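Engineer: Test case, fold it:
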Amino acid sequence: MQLNPYLNFNGNCDAAFKFYEKVLGGKIVLKMTYGETPDGGGEQCPPSSKDHLAHVRLEAPGLVLMGSDCPPGYFEKAQGVTLSLTVDKLAEAERLYNALKENGVVKMALAKTFWAAGFAMVTDQFGTPWMINCEKET
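Structural biologist: The predicted model follows:
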């Protein structure tokens, strides 16, 4: 069994996943718009949403991240969930922190804690909450 996060967006999924591809060092291996689906987005999909993503899959070392744009009227902000990235090098924690906080909101600046060489909490520019954790440098 594998647990893979699935993120929902309100029309900016493509931009978010291009950003995540760059930041996480992964590759988008599948991307399909509503207009490219077998039913062309169906009756529930207005023409203005045909270019929105029906599904995207990003693969990077140690993770699979998926997402889509919600149909009009279905989007809800994430609540009670945070994506956690664990790294072995403080320099990598700093890189991730600096990238994810760009145009986002810092909840807790990257700092040493009693359990970690570096820990931070940010909500990125697309509204996704993240924790960055470097328990100890190897």
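Engineer: okay, CA-based contacts and neighbour counts for the rest of this
Structural biologist: Will do.
Engineer: Any regions of the chain where pLDDT drops low?
Structural biologist: 41, 138 (pLDDT under 70).
Engineer: Let me know the outermost residue of it.
Structural biologist: Relative to the mean C-alpha coordinate of the chain, counting by Cα atoms, centre = their mean, the farthest residue is Glu43 (28.4 Å).
Engineer: name the element that residue belongs to?
Structural biologist: Per DSSP states H and E: Glu43 is located in neither a helix nor a strand.
Engineer: can you give me the strands in the protein?
Structural biologist: Taking DSSP state E as the criterion, the chain carries its strands at 6-9, 27-33, 53-60, 63-69, 83-86, 105-111, 118-123, 129-134.
Engineer: With mean neighbour count and distance to Ala93 added, can I get the ones you listed in a markdown table?
Structural biologist: Compiled in a markdown table, the strands of the chain are given as follows (neighbours: other Cα atoms under 10 Å; distance: least, Cα to Cα, whole Å):
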| stretch | mean neighbour count | distance to Ala93 |
| --- | --- | --- |
| strand 6-9 | 20 | 22 |
| strand 27-33 | 15 | 20 |
| strand 53-60 | 20 | 16 |
| strand 63-69 | 20 | 16 |
| strand 83-86 | 14 | 8 |
| strand 105-111 | 16 | 8 |
| strand 118-123 | 23 | 7 |
| strand 129-134 | 24 | 6 |
